[in-house]
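>>> Mind folding the following:
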Amino acid sequence: MGFFSRLFGGNDEGRPSAPAAAETGMPPILRTSRSGGYDKRETLVMLDKLTTEKVLLEEALAAKNSGAPYQMPPEADITVPSTVKMGGFNEEDVNEYAESLAAENASLRAGLLG
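Residues are numbered from 1 along each chain as shown. Coordinates of the predicted model:
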């Protein structure tokens with residue numbers, strides 16, 4: 001179980017898992033859940049923060065590789081989206097997407113430090 005699965009309370013036990021979006025080459029899809037799920041607005045804010053951090057890290061890494069000055073971007077302040085009773089985003093989809101963004105950000109950050 002990954003960091004975000006623990007953070008968001010995911011439970012992978014006993015469930016067959018579909019191939020990750022990164023494995024299939026397709027972009028991630030956030031499905032709406034009929035009952036329960038993460039609040040859509042809070043989820044989109046969280047994913048926007050992770051995506052913004054990724055873009056800043058990519059720009060800093062490009063600057064480092066070209067020999068230009070750069071600053072290490074701050075880590076995104078991630079808060080767990082609250083759950084709703086109906087019409088939220090599917091928790092498994094959100095967890096998968098957030099974990100993939102966090103892994104990419106960690107890899108980029110490691111490239112800047114090393």
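>>> quick one, what contacts residue 56?
residue 73 (C-beta atoms under 8 Å, 6 or more residues apart in numbering). Backbone N, C-alpha and C define where each C-beta goes, glycine included.
>>> so what's it scoring on pLDDT?
Looking at residue 56, its pLDDT is 97.
>>> Look up how far residue 84 lies from it.
For residue 56, the distance to residue 84 (C-beta to C-beta, to the nearest Å) stands at 30 Å.
>>> How about residue 72?
Taking C-beta to C-beta, one finds residue 72 at 36 Å from residue 84.
>>> between those two, who's got more neighbours?
residue 84 (17 against 12; other C-beta atoms under 10 Å).
>>> Would you mark the buried spots in the strand or helix carrying residue 57?
Here residue 57 sits within helix 40-66, counting by DSSP states H and E. Across helix 40-66, burial judged by 16 or more other C-beta atoms under 10 Å covers 40, 42-43, 46-47, 49-50, 53-54, 56-57, 60-61.
>>> export those residues to a markdown table and tack on distance to residue 114?
Formatted as a markdown table, these follow (distance: C-beta to C-beta, whole Å):
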| residue | distance to residue 114 |
| --- | --- |
| 40 | 37 |
| 42 | 34 |
| 43 | 32 |
| 46 | 27 |
| 47 | 27 |
| 49 | 24 |
| 50 | 21 |
| 53 | 18 |
| 54 | 18 |
| 56 | 18 |
| 57 | 13 |
| 60 | 13 |
| 61 | 11 |
